[in-house]
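K.L.:
Give me coordinates for this.
(chains A and B)
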Amino acid sequence: MSLRVRCICIFGLWILTALARAELSPEPIPSVKTLPSDYPDTWIFAHDANFQSLVTGKVIVLDVAAETNEYKGMIDAAQMASFIESKHQPLLYVAESFYDRSTRGKRTDVVTIYDKSTLAIVGEIPIANNHRAQIVLNKNAMQLIDGDKFLLVYGFTPAQSVIVIDTEQRKVVNEISTAGCAMAYPAGKRGFMSLCSDGGALAIQIDDSGKEIERNTVASFFSVDDDPLFDKAVYMDQTAYFVSYLGRVQGIDLSGSVPKLLDTWSLVSDEEAEQNWRPGGWQITAADNDNNLYVIMHENGYNGSHKFGGEQVWVFDTKTQKKISTVSLNKNAFSIEMTNSKQPYLTVTNVEMGMDIYSASGEFLKYINVGDAAMPIMLHAVR
Amino acid sequence: MNLFDRMMEKTSRKVAQNSSRRNLLSNFSKLLVGAAAVPLLPVARASEATGGYPGVGVQSTGNPEDPGNPASCDYWRYCAIDGFLCSCCGGSASSCPPGTEMSPITWIGTCRNPVDGKNYVISYNDCCGKTSCGRCLCNRNENDKPTYRPHSNNDINWCLGTESNVYNCSTAVVLGVALNN
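P.N.:
Residues are numbered from 1 along each chain as shown, chains lettered A, B, ... in the order given. Presented below is the predicted three-dimensional model:
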């Protein structure tokens, strides 16, 4: 190659390199991302109670399957808020409380409505009497029923009630006393069940205006003193599964206006009971779409160990009522949830408040930091 | 109040999580001189085992009939508490910090005083009107029941009947000896 040709080649390469290193283009300001209005089924909502400053909790949107950009965004959720995603509209609901001077002043309870795509507020429903219960996060403190037409919000002043909100009119249409009974577990065509302090239950049906039209009570069916049911439930179709402190499973068929108690069965064998294997944690149970029940379990349980999480997750086939697998966790679980994806993910909030993601078969996949000080103790799979 | 669980003190959690459960039990059992071999969960009673919180001065009631360190989660009255200890926040086991308001209604637990062996009814009144104290988070749940039995539940914000419902910390006030002692 002649010197001249070489020079031309070198010059050409230099030009190409320079072009490849073109300066960055100016970026537009403002720039705010959006999300799809229909979330993928590997996404979950991680509700951070933020005990260090309860006036400012939040709900974080996460893709637990993503290799990158797993944190999608967040919405506020103030003062022991309740959260639920609409199944039929691209909306998110947060029941929360505010004070006009942050920690003091006039209290205002509202249900804040967010658009799923923009995570922007698109509406607000006042709960004028401020009866909303402020309780450490519980899914059944707020539920949608009747094709999402009615939103039920648990009230506690300490008088107990369920506040009925019409989501189309966006207003409170009723408040139903549930004296002696707590929470709202969707039941029947248009109603809910509450568990009661005597170990019984109350079931209410409402009409299409939110008015109470039927009330049934279920006599005491468990001992609150000796072996209470946790107040967290998972649904498989219209059967709600509750587990007790000692590992008893109580299924309740809530397809009708009168709750039907199913036969109880046990999570633990006699030998495991001897070793005091018990359920424990916060969101202690989860379900996949194959009728399997996942439960956080700990060994050497004792009076008071029921909220400390556990070192294993046990998986039961609710049809055969047999344990089908055991997941030994990297770090003890505090709360669990299953995604609704075809290949479900077992999502775990560990006791350090980080999130560990496992395959349904128990293979550890990854750790997700949801915020250095976050406390994501309630997990909601995309519905 | 009734915050609830997470964590205890950060370092204790890390220790708990970085240790196998059996090792943890083994190590704790060495610390628990004279205590029964109580099976401990990793997070559960970390601060009990260490007798207090790092960076928090040890306290005493000054009354031999009321033993222990009120700035420690293992203080006998805290058997069913869930929240920030007011003793660590400018108050005491039975008083709220300055400028807060004590909730007039609350829930109760029953704890055994190790000195006289009697069970006492303890009222876990919350202190309200300022943001979370953030110090000495303690969660113990002896005889704690779910929310459908509110008077035995520590998950409820008991800042009720106060000017502001914002939770600051929790006390453990002796109401008297339990009748069925």
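K.L.:
contacts and neighbour counts: CA atoms only from here.
P.N.:
Noted.
K.L.:
how about the residues of the stretch 101-250 of chain A that lie near chain B?
P.N.:
By the rule C-alpha under 8 Å from any C-alpha of the partner chain, the part of the stretch 101-250 of chain A lying against chain B is A:103-105, A:107, A:134-136, A:157-158, A:180-183, A:195-197, A:224-225, A:228-231.
K.L.:
List only buried entries from those residues.
P.N.:
Using 16 or more other C-alpha atoms under 10 Å in any protein chain shown as the burial test, these include A:103-104, A:107, A:134-136, A:158, A:180-183, A:195-197, A:224, A:228-231 as buried.
K.L.:
So which helix or strand of the chain has the lowest pLDDT on average?
P.N.:
Chain wasn't specified; assuming chain A. helix A:3-20 (a mean of 62; mean pLDDT, DSSP states H and E).
K.L.:
The chain in question should be chain B.
P.N.:
Going by mean pLDDT, DSSP H and E, chain B bottoms out at helix B:21-31, a mean of 33.
K.L.:
what's the pLDDT at residue B:107?
P.N.:
For residue B:107, the pLDDT comes out at 89.
K.L.:
ok so, going back, the following helix or strand past the least confident helix or strand of chain A packs against which elements?
P.N.:
Sequence-wise, the next helix or strand downstream of helix A:3-20 (DSSP states H and E) is strand A:43-48. Packed against strand A:43-48, as judged by 3 or more C-alpha pairs under 8 Å, 6 or more residues apart in numbering or on different chains; DSSP states H and E, are the following elements: strand A:57-63, strand A:376-381.
K.L.:
Out of the buried ones among the residues of the stretch 101-250 of chain A next to chain B, list just those in strands.
P.N.:
A:104, A:107, A:181, A:182, A:183, A:195, A:196 (DSSP state E).
K.L.:
I figured residue A:227 was touching residue A:244, is that so?
P.N.:
Yes - counting by C-alpha atoms under 8 Å, residue A:227 does reach residue A:244; the two are 6.0 Å apart.
K.L.:
neighbouring strands for the longest strand belonging to chain A, and are they parallel or not?
P.N.:
Scanning chain A for the longest strand, with DSSP E as the assignment, gives strand A:322-338. In the sheet, strand A:322-338 lines up against strand A:310-317 (antiparallel), strand A:345-350 (antiparallel) (DSSP bridges).
K.L.:
quick one: buried residues of it?
P.N.:
In strand A:322-338, counting by 16+ other C-alpha under 10 Å, buried: A:323, A:326, A:327, A:329, A:331, A:332, A:333, A:334, A:335, A:336, A:337, A:338.
K.L.:
swap in stretch B:103-121?
P.N.:
Under 16+ other C-alpha under 10 Å, the buried positions of stretch B:103-121 are B:103, B:105-113, B:119-121.
K.L.:
Show me the contact partners of that stretch.
P.N.:
B:65-67, B:76-80, B:122-128, B:142-144, B:150-154, B:158-162, B:174-178, B:181 (C-alpha atoms under 8 Å, 6 or more residues apart in numbering or on different chains).
K.L.:
cool, stretch A:116-131 as well?
P.N.:
Contacts for stretch A:116-131 (C-alpha under 8 Å, 6+ apart): A:33-38, A:73-75, A:90-92, A:97, A:107-115, A:155-157, A:170-172.
K.L.:
Those, buried ones only, as a PyMOL selection?
P.N.:
Buried members of those, defined by 16+ other C-alpha under 10 Å, are picked up in PyMOL with:
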select buried, chain A and resi 73+75+91+92+97+107+108+109+110+111+112+113+114+115+155+156+170+171+172
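K.L.:
Flag the shaky bits of chain A, pLDDT-wise.
P.N.:
A:1-20 (pLDDT under 70).
K.L.:
Please, where are all the helices along it?
P.N.:
A:3-20, A:270-274 (DSSP state H).
K.L.:
Of all the residues in the shortest one, which ones are buried?
P.N.:
Buried residues in helix A:270-274, counted by 16+ other C-alpha under 10 Å: residue A:273.
K.L.:
Give me the contact list for that helix.
P.N.:
Counting by C-alpha under 8 Å, 6+ apart, no residue sits against helix A:270-274.
K.L.:
How far does that helix sit from its chain's centre?
P.N.:
Averaging C-alpha positions (C-alpha atoms, centre = their mean, to the nearest Å) puts helix A:270-274 31 Å from its chain's average.
K.L.:
need the contact list for residue 135.
P.N.:
With no chain named, the answer covers chain A. Neighbours of residue A:135 in contact, by C-alpha under 8 Å, 6+ apart: A:80, B:155, B:156, B:157.
K.L.:
let's do chain B instead
P.N.:
B:84, B:85, B:88, B:89.
K.L.:
so which of these are also by chain A?
P.N.:
Filtering the contacts of residue B:135 for proximity to chain A by C-alpha under 8 Å from any C-alpha leaves nothing.
K.L.:
Among those, which one sits closest to chain A?
P.N.:
residue B:84 (9.5 Å; C-alpha to the nearest C-alpha).
K.L.:
Report the beta-bridge partners for the closest one.
P.N.:
Under the criterion used (DSSP bridges), residue B:84 bridges to residue B:137.
K.L.:
can you pull out the strands in the stretch 151-300 of chain A?
P.N.:
A:160-166, A:171-177, A:181-186, A:191-196, A:201-206, A:212-218, A:234-236, A:239-243, A:248-253, A:260-261, A:265-266, A:278-279, A:285-287, A:292-298 (DSSP state E, counting those that start in this stretch).
K.L.:
same question, chain B
P.N.:
Using DSSP E, strands in chain B cover B:82-84, B:101-102, B:108-112, B:119-123, B:126-128, B:137-139, B:167-170, B:173-177.
K.L.:
Direction included, what does the fourth one pair against?
P.N.:
Going back to what we said before, that points to strand B:119-123. strand B:108-112 (antiparallel), strand B:173-177 (antiparallel).
K.L.:
Find the residue closest to residue A:132 in space, skipping its chain neighbours.
P.N.:
Nearest residue to residue A:132 in three dimensions, chain neighbours excluded: residue A:155, at 4.4 Å (C-alpha to C-alpha, 6 or more residues apart in numbering or on different chains).
K.L.:
what sits against that neighbour?
P.N.:
Contacts of residue A:155 by C-alpha under 8 Å, 6+ apart are A:131, A:132, A:133, A:161, A:162, A:163.
K.L.:
ok, these vs residue B:98, which is closest?
P.N.:
Residue B:98 has its nearest neighbour among these in residue A:133, at 26.7 Å by C-alpha to C-alpha.
K.L.:
unless I'm mixing things up, that closest one is touching residue A:157, no?
P.N.:
Yes - counting by C-alpha under 8 Å, residue A:133 does reach residue A:157; the two are 7.0 Å apart.
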